[in-house]
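Asker: Structure for the following, please:
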Amino acid sequence: MTYSDYEYEIFSRQFILKVFSEQNIEKLEKSKISIIGIGGIGCPLATYLVSSGLKYIQLIDGDFIEKSNLNRQILFTSDDIGQKKVTIAKKKLLKINPNCQIKIIDENLNKSNTINLSNSSIIIDTSDSWETMKIVNEYCVKESISLVSSSVVGFDVVVALFENKKNHHLCLNCLFPNKNDIDLPRCDTVGVSGIATGMAGLLAAQKTINFLINLNQESNILSLLNVLKQDLQNINLKNNSKCYLNKF
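Answerer: A predicted model of the protein is given here:
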(Lines give C-alpha, C1' and ligand atoms only; values in the text may rest on other atoms or scores of the structure.)
Protein backbone atom coordinates (compact mmCIF):
# COMPACT_ATOMS: atom_id res chain seq x y z
CA MET A 1 0.00 0.00 0.00
CA THR A 2 1.10 3.56 -0.63
CA TYR A 3 -1.45 5.37 1.51
CA SER A 4 0.22 7.90 3.76
CA ASP A 5 -0.04 7.42 7.52
CA TYR A 6 -2.54 10.29 7.54
CA GLU A 7 -4.73 8.60 4.92
CA TYR A 8 -4.49 5.19 6.52
CA GLU A 9 -5.76 6.65 9.78
CA ILE A 10 -8.76 8.14 7.93
CA PHE A 11 -9.72 4.73 6.52
CA SER A 12 -8.51 2.61 9.45
CA ARG A 13 -11.95 1.63 10.77
CA GLN A 14 -12.98 0.38 7.34
CA PHE A 15 -9.73 -1.48 6.76
CA ILE A 16 -10.37 -3.56 9.89
CA LEU A 17 -13.09 -5.38 7.92
CA LYS A 18 -11.87 -8.70 6.52
CA VAL A 19 -12.98 -7.96 2.94
CA PHE A 20 -10.43 -5.13 2.82
CA SER A 21 -7.35 -7.26 2.42
CA GLU A 22 -4.11 -5.59 1.40
CA GLN A 23 -4.79 -6.73 -2.17
CA ASN A 24 -8.28 -5.22 -2.19
CA ILE A 25 -7.10 -1.98 -0.60
CA GLU A 26 -4.55 -1.70 -3.40
CA LYS A 27 -7.33 -2.17 -5.97
CA LEU A 28 -9.28 0.72 -4.46
CA GLU A 29 -6.19 2.88 -4.34
CA LYS A 30 -5.36 2.36 -8.02
CA SER A 31 -8.90 2.61 -9.42
CA LYS A 32 -9.95 5.63 -11.45
CA ILE A 33 -13.60 6.64 -11.10
CA SER A 34 -15.67 8.98 -13.26
CA ILE A 35 -18.93 10.35 -11.85
CA ILE A 36 -21.37 11.97 -14.25
CA GLY A 37 -23.69 14.38 -12.47
CA ILE A 38 -22.93 15.95 -9.08
CA GLY A 39 -26.49 16.29 -7.86
CA GLY A 40 -28.71 14.46 -5.38
CA ILE A 41 -27.14 11.09 -6.20
CA GLY A 42 -23.67 12.22 -7.19
CA CYS A 43 -23.00 14.17 -3.97
CA PRO A 44 -23.40 11.26 -1.50
CA LEU A 45 -21.85 8.90 -4.03
CA ALA A 46 -18.68 10.98 -4.33
CA THR A 47 -18.56 11.57 -0.58
CA TYR A 48 -18.60 7.89 0.28
CA LEU A 49 -16.20 6.87 -2.48
CA VAL A 50 -13.62 9.39 -1.25
CA SER A 51 -14.35 8.25 2.32
CA SER A 52 -13.79 4.62 1.28
CA GLY A 53 -10.24 5.10 0.04
CA LEU A 54 -10.67 5.93 -3.65
CA LYS A 55 -7.81 8.22 -4.66
CA TYR A 56 -8.57 9.10 -8.30
CA ILE A 57 -11.99 10.59 -8.97
CA GLN A 58 -13.29 12.65 -11.86
CA LEU A 59 -16.40 14.82 -11.45
CA ILE A 60 -18.37 15.82 -14.56
CA ASP A 61 -21.13 18.43 -14.34
CA GLY A 62 -21.69 21.85 -15.89
CA ASP A 63 -24.44 23.12 -13.59
CA PHE A 64 -24.55 25.87 -10.98
CA ILE A 65 -25.79 25.34 -7.41
CA GLU A 66 -29.38 26.49 -6.86
CA LYS A 67 -31.40 26.92 -3.70
CA SER A 68 -33.71 24.05 -4.68
CA ASN A 69 -30.70 21.69 -4.70
CA LEU A 70 -30.01 21.98 -0.99
CA ASN A 71 -32.57 19.44 0.25
CA ARG A 72 -30.67 16.56 -1.36
CA GLN A 73 -27.27 17.68 -2.69
CA ILE A 74 -25.43 17.28 0.58
CA LEU A 75 -22.06 18.70 -0.45
CA PHE A 76 -23.61 22.15 -0.85
CA THR A 77 -24.89 24.80 1.56
CA SER A 78 -26.63 28.15 1.19
CA ASP A 79 -23.21 29.82 1.03
CA ASP A 80 -22.52 27.95 -2.24
CA ILE A 81 -25.58 29.10 -4.21
CA GLY A 82 -24.63 30.41 -7.65
CA GLN A 83 -21.26 28.66 -7.74
CA LYS A 84 -20.23 25.74 -9.92
CA LYS A 85 -21.10 22.31 -8.56
CA VAL A 86 -17.85 20.61 -9.52
CA THR A 87 -15.72 23.39 -8.02
CA ILE A 88 -17.46 23.30 -4.65
CA ALA A 89 -17.71 19.51 -4.62
CA LYS A 90 -13.96 19.17 -5.14
CA LYS A 91 -13.28 21.67 -2.37
CA LYS A 92 -15.53 19.79 0.09
CA LEU A 93 -14.25 16.33 -0.86
CA LEU A 94 -10.63 17.36 -0.38
CA LYS A 95 -11.50 18.22 3.22
CA ILE A 96 -12.15 14.49 3.72
CA ASN A 97 -8.89 13.40 2.11
CA PRO A 98 -6.59 16.24 0.98
CA ASN A 99 -4.43 13.72 -0.89
CA CYS A 100 -7.23 12.49 -3.13
CA GLN A 101 -6.66 13.40 -6.79
CA ILE A 102 -9.90 14.98 -8.02
CA LYS A 103 -10.25 16.15 -11.59
CA ILE A 104 -13.22 18.34 -12.50
CA ILE A 105 -14.87 18.73 -15.90
CA ASP A 106 -16.98 21.89 -15.76
CA GLU A 107 -19.41 20.92 -18.52
CA ASN A 108 -22.22 18.46 -19.06
CA LEU A 109 -21.35 15.26 -20.86
CA ASN A 110 -22.02 15.11 -24.59
CA LYS A 111 -20.73 13.17 -27.60
CA SER A 112 -17.86 15.58 -28.14
CA ASN A 113 -16.30 15.24 -24.69
CA THR A 114 -16.57 11.50 -23.94
CA ILE A 115 -12.78 11.37 -24.34
CA ASN A 116 -12.72 12.58 -20.73
CA LEU A 117 -14.05 9.15 -19.73
CA SER A 118 -11.08 7.24 -21.12
CA ASN A 119 -8.89 5.34 -18.66
CA SER A 120 -11.76 5.04 -16.17
CA SER A 121 -11.87 1.82 -14.16
CA ILE A 122 -15.62 2.29 -13.91
CA ILE A 123 -18.09 5.05 -14.80
CA ILE A 124 -21.07 6.01 -12.66
CA ASP A 125 -23.89 7.83 -14.41
CA THR A 126 -26.27 9.74 -12.15
CA SER A 127 -27.64 12.07 -14.84
CA ASP A 128 -31.38 12.59 -15.28
CA SER A 129 -31.17 13.00 -19.07
CA TRP A 130 -31.99 10.05 -21.33
CA GLU A 131 -29.80 11.56 -24.04
CA THR A 132 -26.83 11.60 -21.65
CA MET A 133 -27.59 8.07 -20.49
CA LYS A 134 -27.55 6.84 -24.10
CA ILE A 135 -24.24 8.55 -24.83
CA VAL A 136 -22.61 7.12 -21.70
CA ASN A 137 -24.03 3.64 -22.27
CA GLU A 138 -22.82 3.48 -25.88
CA TYR A 139 -19.38 4.76 -24.94
CA CYS A 140 -19.01 2.21 -22.14
CA VAL A 141 -20.07 -0.68 -24.39
CA LYS A 142 -17.70 0.32 -27.20
CA GLU A 143 -14.78 0.86 -24.82
CA SER A 144 -15.60 -2.16 -22.61
CA ILE A 145 -15.78 0.00 -19.49
CA SER A 146 -18.11 -1.06 -16.69
CA LEU A 147 -21.03 1.23 -15.94
CA VAL A 148 -23.15 1.84 -12.86
CA SER A 149 -26.41 3.60 -13.70
CA SER A 150 -28.34 5.21 -10.84
CA SER A 151 -31.55 7.22 -10.89
CA VAL A 152 -34.47 8.30 -8.70
CA VAL A 153 -38.09 9.24 -9.31
CA GLY A 154 -40.12 10.26 -6.28
CA PHE A 155 -39.33 7.63 -3.64
CA ASP A 156 -38.16 5.00 -6.15
CA VAL A 157 -34.46 4.20 -6.59
CA VAL A 158 -33.08 2.29 -9.59
CA VAL A 159 -29.45 1.13 -9.70
CA ALA A 160 -27.76 -1.35 -12.04
CA LEU A 161 -24.22 -2.47 -12.84
CA PHE A 162 -23.35 -3.33 -16.44
CA GLU A 163 -19.92 -4.96 -16.77
CA ASN A 164 -19.82 -4.59 -20.57
CA LYS A 165 -17.86 -7.75 -21.22
CA LYS A 166 -17.23 -8.39 -24.89
CA ASN A 167 -18.29 -12.03 -24.64
CA HIS A 168 -21.54 -11.32 -22.78
CA HIS A 169 -23.44 -8.28 -23.94
CA LEU A 170 -25.99 -6.61 -21.69
CA CYS A 171 -26.47 -2.86 -21.54
CA LEU A 172 -28.95 -0.12 -20.76
CA ASN A 173 -30.17 -0.14 -24.35
CA CYS A 174 -31.13 -3.82 -23.99
CA LEU A 175 -33.75 -2.70 -21.48
CA PHE A 176 -35.07 0.14 -23.63
CA PRO A 177 -34.63 -0.88 -27.29
CA ASN A 178 -35.69 1.42 -30.11
CA LYS A 179 -36.24 4.31 -27.73
CA ASN A 180 -34.64 7.29 -29.39
CA ASP A 181 -35.90 9.67 -26.77
CA ILE A 182 -37.48 8.89 -23.42
CA ASP A 183 -39.07 11.74 -21.53
CA LEU A 184 -37.78 10.95 -18.06
CA PRO A 185 -39.75 12.36 -15.12
CA ARG A 186 -37.90 15.31 -13.62
CA CYS A 187 -37.70 16.19 -9.94
CA ASP A 188 -38.87 19.74 -10.68
CA THR A 189 -42.17 18.38 -12.02
CA VAL A 190 -42.94 15.10 -10.21
CA GLY A 191 -40.90 15.68 -7.04
CA VAL A 192 -38.10 13.71 -5.44
CA SER A 193 -37.23 12.51 -1.95
CA GLY A 194 -33.88 13.77 -0.70
CA ILE A 195 -33.51 10.57 1.30
CA ALA A 196 -34.16 8.53 -1.86
CA THR A 197 -31.35 10.29 -3.73
CA GLY A 198 -29.08 9.64 -0.77
CA MET A 199 -29.95 5.94 -0.81
CA ALA A 200 -29.36 5.83 -4.57
CA GLY A 201 -25.91 7.32 -4.06
CA LEU A 202 -25.05 4.88 -1.27
CA LEU A 203 -26.28 1.86 -3.23
CA ALA A 204 -24.32 2.96 -6.29
CA ALA A 205 -21.21 3.50 -4.14
CA GLN A 206 -21.43 0.01 -2.64
CA LYS A 207 -21.98 -1.62 -6.04
CA THR A 208 -18.95 0.27 -7.31
CA ILE A 209 -16.73 -0.88 -4.45
CA ASN A 210 -18.03 -4.46 -4.74
CA PHE A 211 -17.07 -4.43 -8.41
CA LEU A 212 -13.62 -2.96 -7.83
CA ILE A 213 -12.66 -5.56 -5.22
CA ASN A 214 -14.55 -8.44 -6.90
CA LEU A 215 -16.95 -8.80 -4.00
CA ASN A 216 -20.54 -10.02 -4.50
CA GLN A 217 -20.63 -9.27 -8.21
CA GLU A 218 -24.03 -7.85 -9.07
CA SER A 219 -23.84 -7.41 -12.82
CA ASN A 220 -26.98 -8.23 -14.79
CA ILE A 221 -29.09 -7.26 -11.78
CA LEU A 222 -31.41 -4.27 -11.55
CA SER A 223 -31.90 -3.13 -7.94
CA LEU A 224 -35.19 -1.40 -7.19
CA LEU A 225 -35.70 0.30 -3.83
CA ASN A 226 -38.84 2.06 -2.67
CA VAL A 227 -37.65 4.20 0.22
CA LEU A 228 -41.15 4.92 1.50
CA LYS A 229 -42.00 1.22 1.81
CA GLN A 230 -38.39 0.22 2.58
CA ASP A 231 -38.73 -2.50 -0.03
CA LEU A 232 -35.69 -3.71 -2.02
CA GLN A 233 -36.02 -5.96 -5.06
CA ASN A 234 -33.30 -7.39 -7.29
CA ILE A 235 -34.36 -8.29 -10.83
CA ASN A 236 -32.23 -10.48 -13.11
CA LEU A 237 -31.67 -8.87 -16.50
CA LYS A 238 -31.29 -10.62 -19.83
CA ASN A 239 -29.51 -9.76 -23.04
CA ASN A 240 -31.62 -8.36 -25.87
CA SER A 241 -30.39 -10.04 -29.05
CA LYS A 242 -31.81 -7.16 -31.11
CA CYS A 243 -29.80 -4.48 -29.30
CA TYR A 244 -27.80 -2.54 -31.88
CA LEU A 245 -24.79 -2.53 -29.55
CA ASN A 246 -24.52 -6.34 -29.62
CA LYS A 247 -21.95 -6.09 -32.41
CA PHE A 248 -19.47 -4.44 -30.08
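
Asker: all contacts plus neighbour counts: C-alpha atoms, from now on.
Answerer: Will do.

Asker: Quick check: which ranges of this structure have low pLDDT?
Answerer: Within the chain, the ranges that satisfy pLDDT under 70 run 1, 178-187, 217-218.

Asker: Strands of that one, start to end?
Answerer: Along the chain, counting by DSSP state E, strands occupy 32-36, 56-60, 101-105, 122-125, 146-153, 156-162, 221-226, 231-236.

Asker: Longest helix of this structure, counting residues only.
Answerer: helix 194-212 (DSSP state H).

Asker: Could you name the helices and strands sitting against that helix?
Answerer: Here helix 194-212 touches helix 22-30, helix 42-51, strand 146-153, strand 156-162, going by 3 or more CA pairs under 8 Å, 6 or more residues apart in numbering; DSSP states H and E.

Asker: Buried residues, that helix. List them.
Answerer: For helix 194-212, a neighbour-count test (16 or more other CA atoms under 10 Å) marks 194-209, 211-212 as buried.

Asker: same thing with stretch 131-141?
Answerer: Residues Glu131, Thr132, Met133, Lys134, Val136, Asn137, Glu138, Tyr139, Cys140, Val141 are the ones in stretch 131-141 that count as buried (16+ other CA under 10 Å).

Asker: residues in contact with that stretch?
Answerer: 109-111, 114, 123, 125, 127, 146-147, 164, 171-173, 181, 245, 248 (CA atoms under 8 Å, 6 or more residues apart in numbering).

Asker: redo that, cut-off 6 Å
Answerer: Residues outside stretch 131-141 that contact it (CA atoms under 6 Å, 6 or more residues apart in numbering) are Asn164.

Asker: One more: stretch 201-217?
Answerer: Residues outside stretch 201-217 that contact it (CA under 6 Å, 6+ apart): Asn24, Ile41, Pro44, Leu45.

Asker: could you redo those as JSON lines and give each row distance to Lys92 and neighbour count?
Answerer: Output for those, formatted as JSON lines (distance: CA to CA, whole Å; neighbours: other CA atoms under 10 Å):
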{"residue": "Asn24", "distance to Lys92": "26", "neighbour count": "17"}
{"residue": "Ile41", "distance to Lys92": "16", "neighbour count": "32"}
{"residue": "Pro44", "distance to Lys92": "12", "neighbour count": "25"}
{"residue": "Leu45", "distance to Lys92": "13", "neighbour count": "27"}
